[in-house]
Each structure stands twice: as structure tokens, then as C-alpha cells.
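Colleague: the sequence isn't on hand, but the structure is:
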């Protein structure tokens, strides 16, 4: 079956603009995660959705970052008023609940100029 | 502060060599330790370890966890050029009923020359 799908694969935006990144998880996976991978920083947790529970937003770096998950499936990560330090690869992952075994997508490479 | 440290940061070997990658951690609410392989884009799952002293094995790769000393090792025997990648160690330390909130190490860049 299909893996985790992310779009776009690359996004270049000007500083100050808003961007939306999309993630389509593996069918049947109830848990969905966003991570960020920056040069020299490694992979950092951003946010986690599990079923109908309130999301764990503890990793979001500022209030410019938000995420939604509609209908328990597709998720959108929104970054408002982008800054150059937001440049990174944004990785989405999904898993069956209770396994902790994350399946990652190929990521969206965001470049803020 | 939760911390996962990998060593070495990079390693260059020749085909056929055996390598050992290290991962040490200091986290609260430890649940499991995971190893991932990242080639170009998506990290791919290798192992999940929850119990001390039990080796997990998949082909030429194996891994073991020591919960007393707070570390894990990933061994790759008879390395091949296709093993060249970044190997990521991560610890799942979410509390309660949450899973998958991972703290990652910096990764070990493995290069295998023919």
C-alpha cells in the first residue's frame, strides 16, 4: 500500500509569507506526527495527533506554527509570517496507535528567502 | 533536559568491515529506543527496543539495549555500499498513553567504500 505522502516536496517562499504543508498518512494509522529536520539540529518533534484526542503541541517553536488534522486523516501544518530560521525539511509520520513505530514521509523542503 | 547522543558522528569503512554505532540517552519516562536509517529522504525503521539485554536481529544488522547503563548499540556486519546512510537513534519518552514523541540523536553518517 501507499506510504505517507507529503506535498509539496519543495517550497520556496519569501520571508513574511504564510505556507501550508500537507500530509496524507497511511490508511488506518490513527497517530500522526510532524517533525522538523534542520541542518545541524537533527530531527525535532513538533506536534502529535492521536485519534480524537487533543493534539500534543508541545514541540511547536512559536505561535506562528499551527497544525490541523481533518477527519482523522489528512493534516496541514501552517507557518505564518515565515522567517529564514524556518527553513528546514518538515517530515510527517504516522503510526498505528500504541506502536510507536513511525512511518515517515519524504518531507517538504522549505526554503525561506 | 532530555538528551540522546550518538557516536561516532561519522564513520568511513570498506565493504566487508563490521561497524558498531553507539547511542546513549538521558530521558524521563523512557518507553523504547528506536533505530532508523535515512538515505536520501524518509527515515526508515530498523528496530525498536524496549527490554534490556535482548538482541534484535535483521539480516546483517543487530541491536541491543542496556537500560541500566542507558545506551544502545547498532551493529552492521559485512558492510555493503548500500549500507551508506545516516543512522538515527531516537528515544520514545512520551508519558501516559502517548507514543511516538521521539527525541533524536544527531545521527551517525556511515560511508562504505567498495
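Modeller: Sure thing, it's come through. These numbers were taken from a predicted model, which means no experiment stands behind them.

Colleague: how close does the spatially most central residue of chain A get to residue A:79?
Modeller: The centre of chain A sits closest to residue A:34, judged by Cα atoms, centre = their mean, with a distance of 3.3 Å. Distance of residue A:34 to residue A:79, computed by Cβ to Cβ, to the nearest Å: 11 Å. All C-beta spots, glycine's among them, are computed from the backbone N, C-alpha and C.

Colleague: now residue A:70
Modeller: Residue A:70 sits 18 Å away from residue A:79, going by Cβ to Cβ.

Colleague: same thing with residue B:20?
Modeller: As it turns out, when the distance is counted by Cβ to Cβ, residue B:20 lies 39 Å from residue A:79.

Colleague: who's more crowded, those two?
Modeller: Per other Cβ atoms under 10 Å in any protein chain shown, whichever of residue B:20 and residue A:79 has more neighbours is residue A:79, with 24 against 12.

Colleague: and for the nearest residue to that one once chain neighbours are set aside, the neighbour number?
Modeller: With Cβ to Cβ, 6 or more residues apart in numbering or on different chains as the measure, residue A:19 is the residue that lies nearest to residue A:79, at 5.1 Å, once sequence neighbours are left out. By the measure other Cβ under 10 Å, the count of residues near residue A:19 is 18.

Colleague: how about residue B:11?
Modeller: A total of 17 residues lie near residue B:11 under the criterion other Cβ under 10 Å.
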